[in-house]
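> Just to be clear, the model below is a prediction. Sequence and coordinates:
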Amino acid sequence: MVLKLSAMFGLLRSSRPEAPARDGAASVSPAFATRLAQLDRDPYLSVADPDLRLISVFDDLTYDRADLDMLTGPMRRHAVAKLAQLGFRQVSGSVIDNRADDVRVLIPKIHALGASPFDAARYLVRRPQDYVLLTPTQVACQMIDTYPCEEAVDRIKVLIGKHPINLFKIMDHLEPKEAHRTFRDAIGHLKFVQRKAIEAEPLRRRRALR
């Protein structure tokens, strides 16, 4: 299969308050970034994109397009418990704070059930050093909206290897703009990549958090 991945697109429009800089990882110390990377030892958590400061929580292996894309209670509790081991403390329903390192992990509020996963962090107010806790599908959408198509596809393939995504949901919410039209051509390839990933170890025996 030949993918039409040659078209390139720029970063999110600067008017979007949530758009992080590509060098955002430099906003935290290398020592802190190394400590936070310990989350990747947990099969249910991943610093899925250090540049965009996105933390992914494993959702499920298989999806339906009607599934709600949101962090469930078990997903939130697991993340909070693991972040507590790194000096974080939940101070509100949407903020997990590490005062010693002056870093927060933000949990986007749910504004509408069935909302587009592309909107999860679109209007989130965050500091340069803050991270965002998202579902894998929401992480993939941030990558699609930030990177050139080929780079987004490569990063999403790495994400899928640990945390599969709802490709049906993404396909249903692609917007009529060039970046999304270009990405649509990669959906078939990513379905193949994901099917192979969930049929193999270590994913095949993983279950959703309860």
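Good, I have the coordinates.
> From now on I want contacts and neighbour counts done on CA atoms only, so please keep to that.
Will do.
> can you map out the helices along this protein?
30-36, 73-84, 136-146, 149-160, 167-173, 178-184, 187-198 (DSSP state H).
> ranking these by burial, who's on top?
When you average the neighbours per residue for each of the helices of the chain (mean count of other C-alpha atoms under 10 Å), helix 136-146 leads with a mean of 26.
> Leaving out chain neighbours, which residue sits closest to D59?
Excluding its sequence neighbours, the residue lying closest to D59 (C-alpha to C-alpha, 6 or more residues apart in numbering) is A208, at 5.8 Å.
> just checking, the one you found touches F58?
Yes - under the criterion of C-alpha atoms under 8 Å, A208 makes contact with F58 at 7.2 Å.
> For burial, what's the neighbour tally of D60?
19 (other C-alpha atoms under 10 Å).
> Closest to the centroid, which residue in this structure?
Nearest to the mean C-alpha position of the chain, by C-alpha atoms, centre = their mean, lies V139 at 1.8 Å.
> check contacts around that one.
Residues in contact with V139 (C-alpha atoms under 8 Å, 6 or more residues apart in numbering) are A48, L54, I55, S56.
> same question, L167
So L167 contacts T137, I187, K191 (C-alpha under 8 Å, 6+ apart).
> what do you get if the cut-off is 10 Å, keeping everything else the same?
Contacts for L167 (C-alpha atoms under 10 Å, 6 or more residues apart in numbering) come out as T62, Y63, D64, R65, T137, A140, H173, I187, G188, L190, K191, Q194.
> All good on my end, thank you.
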